[in-house]
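**Q** dropping a prediction and its sequence here:
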Amino acid sequence: GEEATGAAQRLGREVEGELPVELLEEKGINTEAIQKLKEGAETYTGEEVAEIARSIAGKETAEEAAAEEAQEKKEEAEQQAEEKKEEGQEKAEEKKEEAQEKKEEAKENSEEEEEEVEEEDEEEGEKGREKGESESEDSSEDNGRP
């Protein structure tokens, strides 16, 4: 109550003494609301004083403030969306790199297994040849007997 009344009266004195009414009205300021507060602020409730004070800036100023706030929120949302997009791209790149690493690892493992199989095949082949040679010698020995 008293604080709002005092503030309203100070505002009225400051504005009245410094700026021409025409200039204030040209800028969309409600000079009638200033006069209303100046003359009867002590008779209004705090809520009424606040409502009149809000009207001082005028409709255009309130709309401009709302438009600026909406624009700021839009820009903030766009920035957050861009950050999330970049974050998603980074995660996708990491997943891609992980997949490539797993693919290379699987290829290396496959090559190692293939080499092991080839070595085993060679060993089996050598054993088979040795066995074949040994059987061949046995049978030639048998064939050489009367």
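**A** Sure, I can see it.

**Q** going forward, measure contacts and count neighbours with C-alpha atoms only.
**A** Noted.

**Q** so where's this protein uncertain?
**A** 1-18, 58-62, 132-146 (pLDDT under 70).

**Q** so where's the longest helix in it?
**A** helix 58-143 (DSSP state H).

**Q** helices or strands up against that one?
**A** Applying 3 or more Cα pairs under 8 Å, 6 or more residues apart in numbering; DSSP states H and E, one finds that helix 58-143 contacts no other helix or strand.

**Q** rerun that using 10 Å as the cut-off
**A** Secondary-structure packing of helix 58-143 (3 or more Cα pairs under 10 Å, 6 or more residues apart in numbering; DSSP states H and E): helix 46-56.

**Q** quick one: the helix it packs on to chain centroid distance?
**A** 40 Å (Cα atoms, centre = their mean, to the nearest Å).

**Q** please apply the same query to stretch 34-47.
**A** The answer for stretch 34-47 is 48 Å, by Cα atoms, centre = their mean.

**Q** only alpha carbons, please: show it as PDB.
**A** The C-alpha trace of stretch 34-47 is given here as PDB (Å, rounded to 0.1, in the frame of the first residue of the first chain):
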ATOM      1  CA  ILE A  34       0.200   8.700 -14.400                       C
ATOM      2  CA  GLN A  35      -2.100  11.500 -13.400                       C
ATOM      3  CA  LYS A  36      -4.600   9.100 -11.900                       C
ATOM      4  CA  LEU A  37      -1.900   7.500  -9.700                       C
ATOM      5  CA  LYS A  38      -0.400  10.900  -8.800                       C
ATOM      6  CA  GLU A  39      -3.700  12.200  -7.600                       C
ATOM      7  CA  GLY A  40      -5.300   9.200  -5.900                       C
ATOM      8  CA  ALA A  41      -2.700   6.500  -5.300                       C
ATOM      9  CA  GLU A  42      -3.400   6.400  -1.600                       C
ATOM     10  CA  THR A  43      -7.000   5.500  -2.300                       C
ATOM     11  CA  TYR A  44      -6.200   2.400  -4.400                       C
ATOM     12  CA  THR A  45      -5.300  -1.100  -3.200                       C
ATOM     13  CA  GLY A  46      -1.900  -2.500  -4.100                       C
ATOM     14  CA  GLU A  47      -3.500  -4.500  -6.900                       C
END
